[in-house]
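Q: Provided below for reference: sequence and predicted model.
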Amino acid sequence: MRISDRRFALFLMTPAALFLAVFVAYPLFRLVADSFFKISPIAGGPRDFVGLENYFRAFASEAFMGAGWRTLAYTAVVVTLEFALGLGMALLFTTLGRKSQVWRTVFMYPLMIAPIVAGLLWKFLMIDNFGLIGTVLHQAGILSNPNQIGWLSDPDIVLFSVAIPDIWLTTSFMCLVLFAGLQNIPGDLIEAARLDGARAPALLFRIILPLLRPVIAVALVVRGIDAARAFDTILIQTNGGPQSASETMSLLIYRTMIRFGDPGLASAMGTIYLLAMLGVAFFAVATIWRPGKDN
């Protein structure tokens, strides 16, 4: 590359670099830096260096550890169901070919809905006393009364209930990514396997899924991070209740920062949260994608 071309490339990259520096690098630096200080919530208040004290307080907090396990359970449920449903629909659309164009368009509609709107919609569907789901199940004879299941009021099931809007919203995203990956699998390879007598399970587990590993890794990492930071859909449905049974890490950090006025502790929680998500992302890429290990 000539020097003039390099200068032109640097010129084109400068706006993006400045954007990342201002809106990504600096906030990330402030997050980590603030975690080592005890900061007054009042503007211009004292700012005292406390070292790792905020991290010790975070790990000693039952609320923090509980929110961590709930976030892990929520993410596992959401991503597993979305992957299973999305893969099934992607395989169906691939089998149907051009006949699935209209259905693919309809299936993508939930992606156009704002998460907070979806959360509010499902709240009205599952809310006690006049929720539509309980009423329909009662009229169908499945439930003895419409309030038999407290979708959003029972601490034992509320975490799975608030996951429903997330699954409904973004299964179409998982389907879209996997469908795009399926289009890159050579049809001749599938046809040759069928001629050799391979049945559907063998085609799926020995040919399709191994060839989809890079796509699956990207889809799981993107959706896993997105699900782990779920905030608005849970906030609008239960606000983390009842009894903090649906309080995830994002909600806890928000409350620590805004309601309890402890920016230092909230920054420490956020830093731990960020490192955990990075660790999971690298592990997923290394185990699922396995770059550089394929022949």
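A: Happy to help now that I have it. Numbers count the residues shown, from 1 in each chain.

Q: how about the strands of the stretch 151-295 of the chain, start to end?
A: Counting by DSSP state E, counting those that start in this stretch, the stretch 151-295 of the chain has no strands at all.

Q: where do the strands sit along the stretch 1-150 of the chain?
A: Using DSSP E, counting those that start in this stretch, strands in the stretch 1-150 of the chain cover 37-39, 47-49.

Q: so how far is stretch 37-57 off the chain centroid?
A: Stretch 37-57 has its C-alpha centroid displaced from the chain centroid by 30 Å (CA atoms, centre = their mean, to the nearest Å).

Q: okay, how far is it across it, tip to tip?
A: 13 Å (CA to CA, to the nearest Å).

Q: just stretch 194-214 next, same as before
A: For stretch 194-214, the end-to-end distance is 24 Å (CA to CA).

Q: Find the residue ranges of the stretch 151-295 of the chain scoring beneath the pLDDT cut-off.
A: Under the criterion pLDDT under 70, the flagged ranges of the stretch 151-295 of the chain are 290-295.

Q: Recalculate using a threshold of 90.
A: 182-214, 217-218, 221-222, 225, 229-230, 232, 240-244, 258-261, 277-295 (pLDDT under 90).

Q: How about residues contacting stretch 22-39?
A: Contacting residues not belonging to stretch 22-39 are listed as 45-55, 262-264, 267-268, 270-271, 274 [CB atoms under 8 Å, 6 or more residues apart in numbering]. C-betas here are computed from N, CA, C, even on glycine.

Q: Same question for stretch 114-127.
A: Outside stretch 114-127, the residues that touch it by CB under 8 Å, 6+ apart are 110, 113, 131-134, 151-152, 161-162, 164-166, 168-169, 232-237.

Q: before we move on, what about stretch 76-94?
A: With CB under 8 Å, 6+ apart, stretch 76-94 has contacts from 100, 103-104, 107, 159-160, 163, 166-167, 170-175, 177-179, 181-183, 204, 208, 216, 219-220, 223-224, 227, 230.

Q: Can you select the buried ones from the contacts of stretch 114-127 in PyMOL?
A: Command for PyMOL that selects the buried part of those, burial taken from 16 or more other CB atoms under 10 Å:
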select buried, resi 110+131+133+134+151+152+161+162+164+165+166+168+169+232+233+234+235+236+237
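
Q: In helices only, show me the contacts of stretch 114-127.
A: Using DSSP state H to define helices, the subset of the contacts of stretch 114-127 located there is 132-134, 161, 164-166, 168-169, 232-237.

Q: Give me the pLDDT value at Met108.
A: As predicted, Met108 sits at a pLDDT of 84.

Q: The nearest residue to it once chain neighbours are set aside: neighbour count?
A: Counting by CB to CB, 6 or more residues apart in numbering, Ser172 is the residue found nearest to Met108 once chain neighbours are left out, at 4.9 Å. Ser172 is flanked by 22 other residues according to other CB atoms under 10 Å.

Q: wait, Ser172 sits on Phe107?
A: Yes. Look at Ser172 against Phe107 with CB atoms under 8 Å: they come within range, at 5.3 Å.

Q: Run through the helices of the stretch 101-250 of the chain in chain order.
A: For the stretch 101-250 of the chain, the helices defined by DSSP state H, counting those that start in this stretch occupy 101-107, 115-126, 132-139, 158-161, 163-182, 187-195, 200-202, 209-211, 213-228, 232-237, 249-254.

Q: need those helices in TSV with distance to Thr287, can you?
A: As requested, the helices of the stretch 101-250 of the chain are arranged in TSV below (distance: least, CB to CB, whole Å):
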stretch	distance to Thr287
helix 101-107	29
helix 115-126	29
helix 132-139	37
helix 158-161	26
helix 163-182	18
helix 187-195	24
helix 200-202	22
helix 209-211	13
helix 213-228	8
helix 232-237	29
helix 249-254	23
